[in-house]
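In: predicted model and sequence below, questions to follow.
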Amino acid sequence: MRQFDVHWLRSPHEGLVVILQHDLADQLDTRVVAPLTDVPHRLVVDGLRLKVDFGSGDYLLQIDRLAALSRSAIGPYAGRLEHEQDRIKAGLDLLFLGF
């Protein structure tokens, strides 16, 4: 699991998550993630809820809803959002540093 990878969650959870933590923390048994949802279901918030192109359409990366999950809760690989890394990092800066 690498930073900016997108994974499905294992049952009983549902949906997609993006790995936010850096690969240097790979030895931990948890991963900091943010949900990736369909755009129409959530409100876009400038800088914190990012509309991103993933797979076959637009999704919403909800940085403000980040969480630490056990590695065992994270399922199969679904893709990457590395092309959005600058916007994701800016969103994390906004959430934690206010700018």
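Out: Okay, I see it.
In: residue contacts, the one residue sitting closest to the centre of the chain?
Out: When the chain is reduced to its mean C-alpha position, the closest residue under Cα atoms, centre = their mean turns out to be residue 18, at 2.6 Å. Listed by Cβ atoms under 8 Å, 6 or more residues apart in numbering, the contact partners of residue 18 are 4, 5, 6, 33, 34, 35, 36, 61, 81, 88. For every residue, glycine as well, the C-beta is placed using N, CA and C.
In: check the second one and give its pLDDT.
Out: Among the per-residue scores, residue 5 shows a pLDDT of 98.
In: same deal with the fifth one?
Out: pLDDT, the model's per-residue confidence, is 98 for residue 34.
In: so how far is residue 87 from it?
Out: As judged by Cβ to Cβ, to the nearest Å, residue 34 and residue 87 stand 12 Å apart.
In: tell me which of the two has more neighbours.
Out: The residue with more neighbours, out of residue 34 and residue 87 and counting by other Cβ atoms under 10 Å, is residue 34; that gives 25 against 16.
In: bridge partners for the more buried one, pull those for me.
Out: Here residue 34 shows beta-bridge partners residue 18, assigned using DSSP bridges.
In: so where's the protein uncertain?
Out: Within the chain, the set of residues satisfying pLDDT under 70 comprises 41-42.
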